[in-house]
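Novice: Any chance you could fold what I've pasted below:
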Amino acid sequence: MAAAVHLPTTASRPTATSPHLGDDELTAEDLLVATGQGDESAFAALYDRVSPQVLGVTLRVLRDRSLAEEVTQEVLVEVWRKSDRFDPSRGSASGWITTLAHRRAVDRVRSEQAGRDRDDRVSRRDEPRAFDAVADEVQIRLDHWQVRQALSTLTDRQREAVELAYFAGHTYRDVARVLDIPEGTAKSRLRDGLLRLRHALDELV
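Specialist: Down below sits the predicted model:
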């Protein structure tokens with residue numbers, strides 16, 4: 001793992017450790033405290049010791065190895081930058097680092113989801129809601145009082161679908177989801193409802 005994830009030059013992983021820090025008898029707490037004092041050799045030893053654990057935490061949260069490795073790198077940079085804040089009297093180095101890893105992984109999940117939600121909103125906003133020329137004609141006349149009268153000529157299911165699409169601004173996919181029906185059924189109800197609505201409007205004029 002240590003070879004697969006490399007820290008940026010702002011907090012680069014040292015390639016060698018000093019003799020007194022190369023001893024396996026040093027605890028993670030010792031290494032983290034020394035790192036907080038600016039000892040790069042301590043950080044190199046700490047990096048090798050905790051990076052597999054950090055990757056394990058991020059991978060459990062993100063469930064995507066490439067993202068987990070990216071976030072692991074970010075966590076190790078954060079460990080380097082914030083190591084002077086670690087207080088061994090308040091907990092273990094492992095717990096402190098694991099908390100950083102979990103928080104950053106959760107933040108990435110939220111960020112990824114927010115991005116997907118934003119893309120979905122843009123996609124739905126840009127999706128054409130006119131199923132045929134009839135839809136355009138009806139939408140132009142939606143504000144007219146005759147539309148309300150014409151709606152009464154539709155079946156309950158047709159009226160429900162049309163109102164969701166043209167009064168509430170939903171796409172046919174939204175209509176299908178709200179009514180819990182297949183998308184094809186939603187399209188059919190809207191198409192038939194619009195045709196019937198146009199006919200009713202023509203008779204009212």
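
Novice: So which residues of the protein form helices?
Specialist: Residue ranges of the helices in the chain, as given by DSSP state H, are 28-36, 40-62, 65-82, 93-126, 133-140, 145-151, 156-166, 172-179, 183-204.

Novice: comparing those, which gets the lowest mean pLDDT score?
Specialist: In terms of average pLDDT, helix 133-140 trails the rest of the helices of the chain, at a mean of 57.

Novice: Just put the helices of the chain in a markdown table and tack on mean neighbour count.
Specialist: C-betas here are computed from N, CA, C, even on glycine. A markdown table is the format used below for these (neighbours: other Cβ atoms under 10 Å):
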| stretch | mean neighbour count |
| --- | --- |
| helix 28-36 | 20 |
| helix 40-62 | 20 |
| helix 65-82 | 19 |
| helix 93-126 | 14 |
| helix 133-140 | 15 |
| helix 145-151 | 15 |
| helix 156-166 | 19 |
| helix 172-179 | 18 |
| helix 183-204 | 17 |
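
Novice: Check the spacing between the residue lying closest to Tyr172 once chain neighbours are set aside and Leu195 real quick.
Specialist: Nearest non-adjacent residue to Tyr172, counting by Cβ to Cβ, 6 or more residues apart in numbering: Ala186, 4.8 Å away. Per Cβ to Cβ, to the nearest Å, Ala186 is found 15 Å from Leu195.

Novice: Can you get me a residue count around Ser92?
Specialist: For Ser92, the neighbour count with other Cβ atoms under 10 Å is 14.

Novice: residues touching the residue nearest to Tyr172, list them.
Specialist: Ala161, Tyr172, Arg173, Val175, Ala176, Leu179 (Cβ atoms under 8 Å, 6 or more residues apart in numbering).

Novice: thinking the first one is in contact with Leu190, fair?
Specialist: Looking back up the chat, that one is Ala161. Yes. In this structure, Ala161 is within contact of Leu190 by Cβ atoms under 8 Å, at 5.2 Å.

Novice: okay, and the common contacts of the two?
Specialist: Joint contacts of Ala161 and Leu190 (Cβ under 8 Å, 6+ apart) are Val175.
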